[in-house]
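Peer 1: please find the sequence and the predicted model below.
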Amino acid sequence: MSTPVLNQTATRAGSRILGLGAYRPSNIVTNEDVCQWIDSSDEWIRQRTGIITRHRAPADVSVTDMAVAAGNEALEKAGITASQIGAVLVSTVTHPYATPSAAAQIADRIGATPAPAFDISAACAGYCYAVAQADSLVRSGTADYVLVIGVEKLSDVIDNHERTISFLLGDGAGAVIIGPSDEPGISPAVWGSDGSKWDAVGMTHSQLAIRDFSEQAMKGDGVSLAAADEAHSTLWPTLRQDGQTVFRWAVWEMAKMAKQALETAGITADDLGAFVPHQANMRIIDELAKQLKLPAHVLIGRDIAEAGNTSAASIPLATHRLLAENPELSGKLSLQIGFGAGLVFGAQVVRLP
């Protein structure tokens, strides 16, 4: 008896970004606003980070609300309907539920059901991770069009009174539609992780700390329910970072990865039209550009000044602003690199829509 051969979908020459969307919350938080809670100043924050303002979503605007708004714009720009979407990939670390996924709800709200949908937890590299997976899905013929969304409501996990990371963070969503192309429009990803620095960026507590404390209260183990309620707010997980560790790693190691991404794509910095790194810190952005020896014609995404650090949303948001302000970039190549908690990183060269 002969061994049966499984069917496989036809592969494609390449994929590319067809449309880009964004959502920026209406609430704008200035450095002066932030300094109500921490001992700092507008001048210090600008000098150390380059941030002037950041957008933060009101209580009644959720991660899925922002993602749907960005996704709908991406669909409109790409000129396709939601029914044509073959998969929905959502990168976020701030969806308030471990399960079900944000992606499944977003797919339904956009009208992409029954497209497969799943979340990616890769922090500030999550958008690049999702782009890499979408490229593979399209090139393999598994999906015709993939909706990729990077979205964060980081204001939900901020302790306004701490100063290692809280003043950096903003909210927002960026989305792209990735579809088939006659030639490659997304280069192979250069991606990876360094778990030895797992705790350089992370949460103060796990959800288990709240659960365990509440269980003690319910059992009467010397903990009152009132104390448990107070502990719930005290133990609620908020972000912290070891700024020096992250800064050194981002500047030196990510410059190497960015250069490797150019080599993997088979191009040089001279071939680029844009460079859009994760919007972590303006000094990191400037140092990466310096080490890459970018020529003067390469435009650099600096959305951090107005948007702050929006984690998984930062690269698509910065790209959206860069294209809006410089429409001549359409069709040119952009090097994008994300890096953050994990520590994780991902980079690739993409052709701009």
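Peer 2: That came in fine, so what should we check first?
Peer 1: would you mind writing the CA trace of the strand or helix carrying residue 350 as PDB?
Peer 2: Per DSSP states H and E, residue 350 falls inside strand 344-351. The C-alpha coordinates for strand 344-351 follow below in PDB (Å, rounded to 0.1, in the frame of the first residue of the first chain):
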ATOM      1  CA  VAL A 344      12.300  39.600  23.600                       C
ATOM      2  CA  PHE A 345      13.100  41.100  20.200                       C
ATOM      3  CA  GLY A 346      12.000  41.000  16.600                       C
ATOM      4  CA  ALA A 347      12.900  42.900  13.500                       C
ATOM      5  CA  GLN A 348      12.200  42.800   9.700                       C
ATOM      6  CA  VAL A 349      12.200  45.100   6.700                       C
ATOM      7  CA  VAL A 350       8.800  45.900   5.200                       C
ATOM      8  CA  ARG A 351       7.600  47.700   2.200                       C
END
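Peer 1: let me know the angle separating the helix or strand containing residue 172 from strand 344-351.
Peer 2: Per DSSP H and E, residue 172 falls inside strand 171-181. For strand 171-181 against strand 344-351, the angle by axes from the mean of the first three to the mean of the last three CA atoms, to 10 degrees is 50 degrees.
Peer 1: check which helices and strands strand 171-181 is in contact with.
Peer 2: Other helices and strands packing on strand 171-181, by 3 or more CB pairs under 8 Å, 6 or more residues apart in numbering; DSSP states H and E, are strand 14-23, strand 53-56, helix 63-78, helix 126-139, strand 145-153, helix 314-325. Backbone N, C-alpha and C define where each C-beta goes, glycine included.
Peer 1: let me see the mean pLDDT of the fifth one.
Peer 2: Average pLDDT, strand 145-153: 98.
Peer 1: please apply the same query to the third one.
Peer 2: Predicted confidence along helix 63-78 averages 98 (mean pLDDT).
Peer 1: who's in contact with it?
Peer 2: 18-23, 25, 57, 81-82, 85, 88, 90, 92, 94-96, 102, 105-106, 109-110, 145, 147, 149, 151-153, 171-177, 179, 316, 353 (CB atoms under 8 Å, 6 or more residues apart in numbering).
Peer 1: mind exporting the strand holding residue 172 as PDB, just the C-alpha atoms?
Peer 2: In PDB, the C-alpha atoms belonging to strand 171-181 read as follows (Å, rounded to 0.1, in the frame of the first residue of the first chain):
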ATOM      1  CA  ASP A 171      -2.300  53.800  25.300                       C
ATOM      2  CA  GLY A 172      -3.200  53.200  21.700                       C
ATOM      3  CA  ALA A 173      -3.600  50.800  18.900                       C
ATOM      4  CA  GLY A 174      -2.100  50.300  15.400                       C
ATOM      5  CA  ALA A 175      -3.200  47.800  12.800                       C
ATOM      6  CA  VAL A 176      -2.100  46.500   9.400                       C
ATOM      7  CA  ILE A 177      -3.600  44.300   6.700                       C
ATOM      8  CA  ILE A 178      -1.100  41.900   5.200                       C
ATOM      9  CA  GLY A 179      -1.900  40.300   1.900                       C
ATOM     10  CA  PRO A 180      -0.400  38.600  -1.100                       C
ATOM     11  CA  SER A 181       2.200  40.200  -3.300                       C
END
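Peer 1: that strand vs helix 63-78, what angle?
Peer 2: Using the same axes, to 10 degrees: strand 171-181 against helix 63-78 is 40 degrees.
Peer 1: where do the strands sit along the chain?
Peer 2: All strands of the chain, identified by DSSP state E, fall at 14-23, 27-30, 53-56, 85-91, 117-120, 145-153, 171-181, 190-193, 201-203, 239-241, 274-277, 299-300, 333-340, 344-351.
Peer 1: can you add mean neighbour count and distance to residue 159 and give these back as CSV?
Peer 2: As requested, the strands of the chain are arranged in CSV below (neighbours: other CB atoms under 10 Å; distance: least, CB to CB, whole Å):
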stretch, mean neighbour count, distance to residue 159
strand 14-23, 23, 25
strand 27-30, 16, 15
strand 53-56, 22, 14
strand 85-91, 27, 23
strand 117-120, 21, 24
strand 145-153, 32, 15
strand 171-181, 28, 16
strand 190-193, 18, 26
strand 201-203, 18, 11
strand 239-241, 20, 8
strand 274-277, 25, 26
strand 299-300, 18, 31
strand 333-340, 26, 18
strand 344-351, 25, 23
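Peer 1: center of the protein - which residue?
Peer 2: residue 312 (1.0 Å; CA atoms, centre = their mean).
Peer 1: hang on, isn't that residue packed against residue 152?
Peer 2: Yes. When contacts are counted by CB atoms under 8 Å, residue 312 is listed as touching residue 152 (5.6 Å).
Peer 1: hmm, residue 245 is touching residue 197, no?
Peer 2: Yes. Look at residue 245 against residue 197 with CB under 8 Å: they come within range, at 6.3 Å.
Peer 1: of the helices and strands packed on strand 171-181, which is nearest residue 271?
Peer 2: strand 14-23 (15.9 Å; CB to CB).
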